[in-house]
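K.L.:
Quick one: sequence and predicted model below, then my questions.
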Amino acid sequence: HIYNESDVQETECWVRNSLFDSNVAEFGGAILITRNNLVAVENCLFTGNTGLMNGAAVSVQESSVRINHCTVADNICIQSGGTGGVINLDSTCSTTVTNSIIAFNTGSSGIELESGGQASEHVIRNCNFWNPNCRNNFSKNLVDRIDWQGNFSADPLFTWDMDTPYTLSEPATGDSSQKDIGRSPCIDVGDHPADGYPEHQMTTRTDLALDNSDADLGWHRLIDGAYLLADSPYAGEYDVATESDVRCRLIVNPDLVEPGDLSGKIDGEVVTLQAAELSDGFALILQPDDFLPDNSQITVEIDVDSQG
């Protein structure tokens, strides 16, 4: 939990790449910002936090806050006499909320502006609000921002991937459940190009792909290590021609690995491998010397001989 209060005017605080989970406070379950401070919150995940009076996740008083590329999900404001917003703004503050997902929270509204506040002091752009357990996504004096400045309201289609919650569904993984529910509406809809964001090898998606055209909304998690993702044939796929090549992607920092460092095996046998560099790794084609085995699983191995 962060409580930011200072008698020094215009104190600045930056919070990046952080997880706020299961905090409880009277005001601002995860963050309380007061007294003429400027706080920038970027690429953070807020989940399971509780605000007893207001601000299930964040409460802002007499200050300014910028929230960018955050996921605020499954937080609750008990609202025992309070105003009850998931993000709560007093009448004197100003905010900018961009490229974020505010979903599945419980409270009076997704963003609550207290009485006397001016809607013009608050910029809300390119965000997804999906809060069935809130009366409204915005308090009435804040004005409904849906279908305005890139804001929308749709189920973000969160999934759990490799024990990581709040990743975005991407049927390209080949996972049957994700094929059924479809692609998350939060992919490729940010207000800026993906180039240069985020700074590190990070993703929102279950296929571990980096942002490619416009940035994805919400929190991006760090891709730690290397992952091999099947493209064709994918797990559980039927009617695959036995003379097919095997195509997959290696998600790894391409600055540390060269295509010549890679070799491949299918069922323990070395095969010809072609590697094309991607922004987040390599596209691989493995060419077996013989047909793939019929009606059976295959095991693909990629070896990396690198000094990185």
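P.N.:
Received, thanks. Residues are numbered from 1 along each chain as shown.
K.L.:
element containing the residue sitting furthest away from the middle of the chain, please.
P.N.:
The centre of the chain is farthest from one residue, D290, which by CA atoms, centre = their mean lies 41.6 Å away. For D290, there is no helix or strand it lies in under DSSP states H and E.
K.L.:
what does whichever strand or helix holds Q178 contact?
P.N.:
Element membership of Q178 [criterion: DSSP H and E] is helix 176-181. Residues outside helix 176-181 that contact it (CB atoms under 8 Å, 6 or more residues apart in numbering): 157, 159, 169-171, 206, 236. All C-beta spots, glycine's among them, are computed from the backbone N, C-alpha and C.
K.L.:
quick one: which of the residues you listed is nearest I146?
P.N.:
Checking the contacts of helix 176-181 against I146 by CB to CB gives L157 as the nearest, at 17.9 Å.
K.L.:
what's that closest one in contact with, if anything?
P.N.:
L157 sits in contact with 168-169, 181-186, where contact means CB under 8 Å, 6+ apart.
K.L.:
Using CSV, lay out these together with distance to A56, secondary structure and neighbour count.
P.N.:
Shown next, in CSV, are the contacts of L157 (distance: CB to CB, whole Å; DSSP: H, G, I helix; E, B strand; the rest coil; neighbours: other CB atoms under 10 Å):
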residue, distance to A56, secondary structure, neighbour count
L168, 22, strand, 25
S169, 25, coil, 26
I181, 26, helix, 13
G182, 28, coil, 12
R183, 28, coil, 16
S184, 23, coil, 28
P185, 23, coil, 19
C186, 20, coil, 29
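K.L.:
Which pair of those spans the longest distance?
P.N.:
Greatest spatial distance in those: I181 and C186, 13.1 Å, computed using CB to CB.
K.L.:
Quick check: the gap between S244 and I285.
P.N.:
According to CB to CB, to the nearest Å, S244 stands 10 Å off from I285.
K.L.:
Pick out whichever of these two has more residues nearby.
P.N.:
I285 (17 against 13; other CB atoms under 10 Å).
K.L.:
Got the confidence number for the residue nearest the centre of the chain?
P.N.:
Central residue of the chain (CA atoms, centre = their mean): W219, 3.3 Å from the mean position. pLDDT, W219: 95.
K.L.:
And the one 10 residues further on, by the same measure?
P.N.:
Note for L229: predicted pLDDT of 74.
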